[in-house]
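Student: Fold the following.
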Amino acid sequence: MAKGFTAKDVVSQAGKCFLVTGANTGLGYETSKALAANGARVLMACRNEDKARKAIERIRMAVPGANLAFVHLDQADIGSVHDCARKVSADEPRLDVLVNNAGVMFPPLQRTAQGHELQFGVNHLAPFALTGLLLPKLAESAGSRVVITSSLAHKGGKIDWDDLDAHQRYSRTQRYSDSKLMNLLHLLELDRRLKAAGSPVTAYACHPGFAKTDLDRHSGIFRVLFPLAGAIFNSAAQGAWPTLQAATAPDAVPGEFYGPQRMGGASGPSGVAKRTDMARDTELAQRLWQVSEDMTGVRYPLG
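Tutor: Numbering: from 1, shown residues only. Prediction:
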């Protein structure tokens, strides 16, 4: 079996700036910590400033001199997404990598500030908007990247075009799977458009397998399962390996999807992951792109 990619394979990121969403806990925290340990400046984009500041303190205890900064971002409000993008674009000399990590899983029916079903809004619409708004800043740096976090759950995803915001029916597990399928469709069309425009920015997707993070806070079964199977599944640090591969590996392939290589993609070091035929459907991707532009008001500057 090939060794696969782990945090030990991250090369020096000195001089580079990363924006990591949802960086105060779980995969985002471990990603930020690993990047900082390899010399990167990391902008930790979080909804709760107090939690973000405490996370920064914890990383600095482990990585003395870590170059970290808090940026406010509430992905349940497109207005906050605009504010975050404006601040980063204005204040930072450069931005090399955007890591779209933040998400929610299995909440009871809730809505964003704009009235969208929460998982659709936070897991897809917000990353779609943030990526488009930061694309000009990213394009200023050679070799810049966008990373989109999906999930094994995308395999059960489908898109109910007539009820995107769950006004007619709501299944928390189905809507999560749908949002994770949307992440891969976003990657598919983003990669196509970046290449067609000759953009210096490249795009990748990743998934953590089964990793113990705070994302399971709305799911009783996962909260029971992970302590019992902790030796089998990934820790949060191990779950961050595919993110780190997509964000930093010199040989990462634009448009590719990365995830754990063992137990059907559930655990282990990172490598190329499998995705469904639906996640490769260019017509679905183009339709979702148009809907996402209309719903967010964000249009990518790609000609």
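Student: State the mean pLDDT of stretch 176-186.
Tutor: Within the predicted structure, the mean pLDDT of stretch 176-186 is 98.
Student: I meant stretch 74-81, not that one.
Tutor: For stretch 74-81, mean pLDDT rounds to 98.
Student: go on, stretch 112-121?
Tutor: For stretch 112-121, the mean per-residue pLDDT is 98.
Student: Also stretch 201-208?
Tutor: Along stretch 201-208, the predicted confidence averages to a pLDDT of 98.
Student: Which residues belonging to stretch 194-211 are considered buried?
Tutor: Neighbour counts over stretch 194-211 (16 or more other Cβ atoms under 10 Å) mark 194, 199, 201-211 as buried. (Glycine included, C-beta is placed from N, CA and C.)
Student: all strands for this structure, in order.
Tutor: With DSSP state E, the ranges of strands along the chain come out as 17-21, 41-46, 67-72, 97-100, 145-149, 202-206, 257-262, 267-272.
Student: wait, which of these is closest to residue 9?
Tutor: Evaluated over these, closeness to residue 9 peaks at strand 267-272, with 8.7 Å, by Cβ to Cβ.
Student: tilt between the closest one and strand 202-206?
Tutor: With axes from the mean of the first three to the mean of the last three Cα atoms, to 10 degrees as the criterion, the two stretches strand 267-272 and strand 202-206 enclose an angle of 150 degrees.
Student: So, low pLDDT: which residues of the chain?
Tutor: In the prediction, the chain carries residues with pLDDT under 70 at positions 1-2, 212-232.
Student: if we can go back for a sec, what's the farthest-apart pair in the buried residues of stretch 194-211?
Tutor: 199 and 210 (34.0 Å).
Student: quick one: contacts for the residue sitting furthest away from the middle of the chain?
Tutor: With distances taken from the mean C-alpha point of the chain and given as Cα atoms, centre = their mean, the most distant residue is residue 168, at 28.1 Å. Each residue near residue 168 by Cβ atoms under 8 Å, 6 or more residues apart in numbering is listed here: residue 162.
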